[in-house]
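Asker: Okay, predicted coordinates and the sequence, questions at the end:
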Amino acid sequence: MNSKLKNGYKTEEIFVLKCLENDISISRPIFNIEPYDFIVEKENIFYSVQVKKAWIDNKNRNVICLKSAYPRSAKTRVASQDEKVNFVAILTDEGDWYIIPRKEIMNIKSGISVSKKGKYAKYINNFDFKN
């Protein structure tokens with residue numbers, strides 16, 4: 001199995017644990033055909049979440065690609081463009097979770113960078129799923 005796929009699965013499992021630690025109900029679609037990885041429930045409201053793992057680029061930034069490819073399919077989706085996605089959850093190498101509402105990134109088609117001093121800093125550990 002390639003390391004990108006392994007990293008994706010590992011990141012998703014870490015997200016499950018973080019949700020359980022935060023007393024958040026979490027479910028996974030049965031098939032890998034949805035543009036999101038999980039459905040979470042917070043205060044009787046359901047949200048869809050696409051989980052991503054950041055990597056450090058050559059400028060020492062935590063970056064992610066918003067595009068997702070689906071196994072056994074030529075389809076590529078962009079999480080920020082898909083109305084079925086409510087949040088994108090990003091795990092950095094430092095262990096920080098950025099849980100960003102799709103509306104904040106919906107005009108971005110490729111990728112974003114996250115940092116503790118950047119535009120998305122207010123979404124660090126946003127396990128309340130606040131918009």
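Answerer: Perfect, thanks for sending it. Residues are numbered from 1 along each chain as shown.
Asker: how near is residue 119 to residue 31?
Answerer: Using Cβ to Cβ, to the nearest Å, one gets 34 Å for the distance from residue 119 to residue 31. C-beta coordinates here come from the backbone N, C-alpha and C atoms, glycine included.
Asker: higher neighbour count, these two?
Answerer: Neighbours were counted for residue 119 and for residue 31 using other Cβ atoms under 10 Å; residue 119 has more, 13 against 6.
Asker: Which of the helices and strands in the chain ranks last by mean pLDDT?
Answerer: Taking mean pLDDT, DSSP states H and E as the measure, the helix or strand of the chain with the lowest value is strand 76-78, at a mean of 66.
Asker: ok, now which ones touch the nearest residue to residue 84 once chain neighbours are set aside?
Answerer: Spatial nearest neighbour of residue 84, excluding adjacent residues (Cβ to Cβ, 6 or more residues apart in numbering): residue 35 at 5.1 Å. Contacts for residue 35 (Cβ atoms under 8 Å, 6 or more residues apart in numbering) come out as 48, 50, 68, 77, 79, 82, 84, 85.
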